[in-house]
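Trainee: Just a sequence and a predicted model for now, questions to come.
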Amino acid sequence: MRRITKIMSTALTVAMASTMLVGCGDTSTGTAAKKGDDGQVTIKLFSNLTDRKNGQGLVEQTIIDEYMKDNPKVKIEVEALDEEAYKTKFKAYSMSGMPDVVSIWGQPAFLDEVVEAGVLAELNPADYSDYKFVEGSLTGYTYDGKLYGLPRNTDIGVFYYNQKMFEDNGWEVPQTYDELLGLADKINEKGIVPVAMDGGDGWPLCVYLADVLFKITGTDYTSTVSNAIKTGDFSAPELKKATELLKAASDANLFQKGYDTQDYGAAMNLFTNGQAAMFYMGSWETSMATNEDIAEDIRTNIRVFTMPTVEGGKAAATDISAWNGGGYAVNANSEVKEEAIKFLNFMYQPDKLSKYGWENGVGLSAQDQSSYMTGNETELQKQIVDILSKSTNLSGTPINDQGTSAFKTSIESEIQSVCNGSKSVDDFLTAIGKACK
Amino acid sequence: MSKKKKAGIGRVFMWVILIAIAIVQIFPLIWLLDFSVASSTEMFTSGLLIIPKKIMWSNYSKAFTDGHFLLYLKNSILINVLAVILVLIASIMAGFACRRMRWKLSGFVKTMLLMGMMIPIHATLLPNYKIYTELGITDTMWALLIPYVAFSLPQGLFLMTSFIESIPVELEEAAVIDGCGIYRIIFQVITPMLKTSIATVSIMTFLNNWNEFMMARIYLSSDKWKTLPFSILDFTGQYSSNYAIQFAVMALTAAPAIIVYIILNKHITKGVAMGAVKG
């Protein structure tokens, strides 16, 4: 008995004491960074790149380390969460004060609400005239004629394919959409998956749909989509045709069995294991060519082509589906706004994000990268650069990111139903129209 | 004779079912361990389990070093142990007060506390965050400790009250006659008799909060107090993730919880059943 009392009271004391100690330690726990008396500045960076040892996260971290070394009085604290968690916490932060530099997406689905809430600082476009931003890449980050952020990447929707597999079997890179559908049977015959598709996430299917739609509408793509979103009326024949073509791909078994439940990793592994002949994804996956986890005879044979032309479509073969996704912005109410903008500008100096990104093979930046070509790039990298430099028109933001976040949620879940046939094309178009109202 | 045979068949039947259930229960753990030593490219083969070409212990070492494992483990243990202790103290005292002591609002207070079970945790996320920022306790241990204790308390109280009910009042009367004060009754007479329910409440509180991530990711921002589930994030890529290392992290994260379960296992089944009958 006595022993138990003793244990209980000790435990109690320990509990009380330790919690109190902790409570005392932290008195300055506001979200935004503070300026110290000694000129020491802490900038808080809120990032959606959680893996700091690979890919884009590594690039970001490298630049941060470099900046802190050059500016010993500046300390940059990073908080990283994955995209979904990031967006939830972003909402929490917008109520009570943001970190100083944040990741944002230059798309109406994300940016409109955030800018209207007045949390992002306005940037001066003239500052960036010699930063070599690719033409049109700042459009998505502009709202009411004012610039609120800077884009990190240029993304292109592409089909990666296994060149050796194509040659061995006598398949040819399709020039038209019908040829692409025709390939499905030929490849399936060999017991190989034609196109590995990440259907579980919804957004890659939306990118595919947007890609097809762009091939049909050509340069009218953006106006077609924004009109539909504005009116909530998706019955335009182009939209219907694009959805039917997506459905046709699914019906022709172009994608792997059960693709609508398989996620990114599963789909990509089908391709990198040689079980699939093609993989539809964004240009950021060019790093597959240097990934040593992938068998050598596969990784050295990865090549790429863009969505083939659609019969009767307005877009040429060189009109490609490309957009600027993620980027950075500065908190409008930051106490260290000047320093934060200084750091932002440092990141975007042409030899930072752009160059390091190129060297790490994390895809194309939104700035002109041609001066960093060393000649040692992989075939895949060269091919992607080639596609971009020869392109005649770029599509702009994919359809799912053009509306509100409610529209994004709706289309990304409904698109699975239309693909697996549990919803008709018309029902799908009505359903996503409703989400716009 | 035939009766005996029937019993034999019944026994076999029972064993088959029990073994089947055991396999279903244990399989995820085997699966977890199996995948945690494979390489990420082997992950998507069609079989249920994979035979790794090479046992990748490096997954574990990477999980340890790149995933801030020790720091997060320390935070997890500290926060969870404190939460368990606070829940135990509060639920024993509240249980005693609501069951044994006679005061006007005892029934009402108990109902109010138990109502806590009805509140969906996620609905409190943003309001709590707002309150915490006002108080300046976001990104401290308090931000996690307070909701962890608050959300585990109703369940703990529920179990404790039904247990205290089962303890004969005569014991307390005897204690009072011998000159015990109220705290001595609670901690020296009642508490030792609540062993099984203490085990049950601790294990439930511990397991509920050990894997909690939703609140942690909103209330914490720096590394200082991050708990174990965060270390999986260190291996989450922008588009695709390093699954093999994530499996290793999950195996390491699950281990302490499983150990706690094994230690307290004997008591928990007893505890739940006893509470049920005497509630």
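Mentor: It's in.
Trainee: where does residue B:129 sit relative to residue A:50, distance-wise?
Mentor: In this view, residue B:129 and residue A:50 are 20 Å apart by C-beta to C-beta, to the nearest Å. For glycine as for every other residue, the C-beta is placed from the backbone atoms N, C-alpha and C.
Trainee: Would you confirm that residue A:397 belongs to a helix?
Mentor: No. Using DSSP: H, G, I helix; E, B strand; the rest coil, the assignment for residue A:397 is coil, not a helix.
Trainee: so what's it up against?
Mentor: A:106, A:107, A:108, A:140, A:222, A:323 (C-beta atoms under 8 Å, 6 or more residues apart in numbering or on different chains).
Trainee: can you tell me which two in those residues are farthest apart?
Mentor: Pairwise distances across these peak at 13.9 Å for A:106 and A:222 (criterion: C-beta to C-beta).
Trainee: Settle it for me: which of the two has more neighbours?
Mentor: Between residue A:106 and residue A:222, counted using other C-beta atoms under 10 Å in any protein chain shown, the more crowded position is residue A:106 (27 against 16).
Trainee: In space, what's closest to the residue of the stretch 51-200 of chain A found nearest chain B - neighbours in sequence excluded?
Mentor: Here the residue of the stretch 51-200 of chain A nearest chain B is residue A:96; by C-beta to the nearest C-beta that distance is 4.2 Å. Once flanking residues are discounted, residue A:96 sits nearest to residue B:133: 4.2 Å by C-beta to C-beta, 6 or more residues apart in numbering or on different chains.
Trainee: my guess is that neighbour is in a helix, correct?
Mentor: Yes. The assignment for residue B:133 by three-state DSSP puts it in a helix.
Trainee: So it is in contact with residue A:97, correct?
Mentor: Yes. Counting by C-beta atoms under 8 Å, residue B:133 does reach residue A:97; the two are 7.3 Å apart.
Trainee: Looking at these two, which one has more neighbours?
Mentor: For residue B:133 versus residue A:97, the count of surrounding residues by other C-beta under 10 Å is larger for residue B:133: 21 against 15.
Trainee: mind checking pLDDT for that one?
Mentor: Here, the pLDDT recorded for residue B:133 equals 89.
Trainee: do residue A:211 as well
Mentor: Per-residue pLDDT puts residue A:211 at 94.
Trainee: tell me the contacts of it?
Mentor: Shown in contact with residue A:211 (C-beta under 8 Å, 6+ apart): A:157, A:307, A:321, A:395.
Trainee: Now chain A against chain B: closest residue?
Mentor: For chain A, C-beta to the nearest C-beta, closest residue to chain B: residue A:269, 3.8 Å.
Trainee: Next, give phi and psi for the residue of the stretch 51-200 of chain A closest to chain B.
Mentor: For residue A:96, the backbone dihedrals (degrees, to the nearest 10) come out as phi -130, psi 10.
Trainee: That one - how many residues pack around it?
Mentor: By other C-beta under 10 Å, neighbour count at residue A:96 equals 16.
Trainee: Please tell me I have it right and it contacts residue B:136.
Mentor: No. Counting by C-beta under 8 Å, residue A:96 sits too far from residue B:136 to count as a contact (10.9 Å).
Trainee: middle-most residue in chain B, spatially?
Mentor: Nearest to the mean C-alpha position of chain B, counting by C-alpha atoms, centre = their mean, stands residue B:207 at 1.6 Å.
Trainee: got a pLDDT number for it?
Mentor: Confidence at residue B:207, expressed as pLDDT, is 87.
Trainee: returning to that earlier point: would you list the contacts of residue A:397 in JSON lines and tack on pLDDT?
Mentor: Listed next are the contacts of residue A:397 as JSON lines, based on pLDDT from 0 to 100:
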{"residue": "A:106", "pLDDT": "86"}
{"residue": "A:107", "pLDDT": "85"}
{"residue": "A:108", "pLDDT": "84"}
{"residue": "A:140", "pLDDT": "86"}
{"residue": "A:222", "pLDDT": "89"}
{"residue": "A:323", "pLDDT": "90"}
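Trainee: Looking at these, which is nearest residue A:351?
Mentor: Closest to residue A:351, out of all of those and judged by C-beta to C-beta, is residue A:106, at 22.4 Å.
Trainee: nearest spatial neighbour of the closest one, skipping sequence neighbours?
Mentor: Using C-beta to C-beta, 6+ apart, the closest residue to residue A:106 is residue A:140 (3.2 Å).
Trainee: and the gap between the one you found and residue B:206?
Mentor: Relative to residue B:206, and taking C-beta to C-beta, residue A:140 is found at 47 Å.
Trainee: Between these two, which is the more surrounded one?
Mentor: In this view residue A:140 and residue B:206 are compared by other C-beta under 10 Å, and residue A:140 has more residues nearby, 25 against 20.
Trainee: Which helix or which strand is home to residue B:77?
Mentor: helix B:69-99 (DSSP states H and E).
Trainee: I'd like the average pLDDT over that helix.
Mentor: Rounded mean pLDDT across helix B:69-99 is 93.
Trainee: how about that helix, does it reach chain A?
Mentor: Yes. Contact between helix B:69-99 and chain A, assessed by C-beta under 8 Å from any C-beta of the partner chain, occurs at B:78, B:82, B:85, B:86, B:89.
Trainee: The third one: neighbour count?
Mentor: Read it as residue B:85. For residue B:85, the count of nearby residues is 19 (other C-beta under 10 Å).
Trainee: how close does it get to residue B:78?
Mentor: Distance from residue B:85 to residue B:78, by C-beta to C-beta: 11 Å.
Trainee: any idea how chain A splits into domains?
Mentor: Per automatic domain parsing, the structural domains of chain A span A:41-152+A:324-372, A:155-322+A:394-434.
Trainee: Now the terminal residues of the last one, how far apart.
Mentor: Length of domain A:155-322+A:394-434, first residue to last, C-alpha to C-alpha, to the nearest Å: 29 Å.
Trainee: re the thing from before, can you tell me the closest non-neighbouring residue to the residue nearest to the centre of chain B?
Mentor: Nearest-residue entry for residue B:207: residue B:257, 5.9 Å, with adjacent residues in sequence omitted and distances by C-beta to C-beta, 6+ apart.
Trainee: I'd assumed residue B:112 was in contact with residue B:154.
Mentor: No. Under the criterion of C-beta under 8 Å, residue B:154 makes no contact with residue B:112, lying 9.6 Å away.
Trainee: Settle it for me: which of the two has more neighbours?
Mentor: Legend: neighbour count by other C-beta under 10 Å for residue B:154 and residue B:112, higher for residue B:154 (20 against 11).
Trainee: show me the contacts for that one.
Mentor: By C-beta under 8 Å, 6+ apart, the residues touching residue B:154 are B:113, B:114, B:115, B:116, B:117.
Trainee: how close does the residue in the stretch 51-200 of chain B positioned nearest to chain A get to residue B:139?
Mentor: Nearest residue of the stretch 51-200 of chain B to chain A (C-beta to the nearest C-beta) works out as residue B:133 at 4.2 Å. To residue B:139, residue B:133 is 10 Å away according to C-beta to C-beta.
Trainee: Residue A:132 now?
Mentor: Taken as C-beta to C-beta, the span from residue A:132 to residue B:139 is 38 Å.
Trainee: Over to residue A:129?
Mentor: 39 Å.
Trainee: How about residues contacting stretch A:200-208?
Mentor: Against stretch A:200-208 from outside (C-beta under 8 Å, 6+ apart): A:157, A:197-199, A:246, A:249, A:259-264, A:266-267, A:280-282, A:321, A:398-400, A:411-413, A:415-416, A:419.
Trainee: These also near chain B: which ones?
Mentor: A:264, A:266, A:282.
Trainee: now the residue nearest the centre of chain A, nearest residue through space, not along the chain?
Mentor: When C-alpha atoms, centre = their mean is applied to chain A, the residue found nearest the centroid is residue A:325 (5.1 Å). In this structure, residue A:325 finds its nearest non-sequential neighbour in residue A:155, 5.3 Å apart by C-beta to C-beta, 6+ apart.
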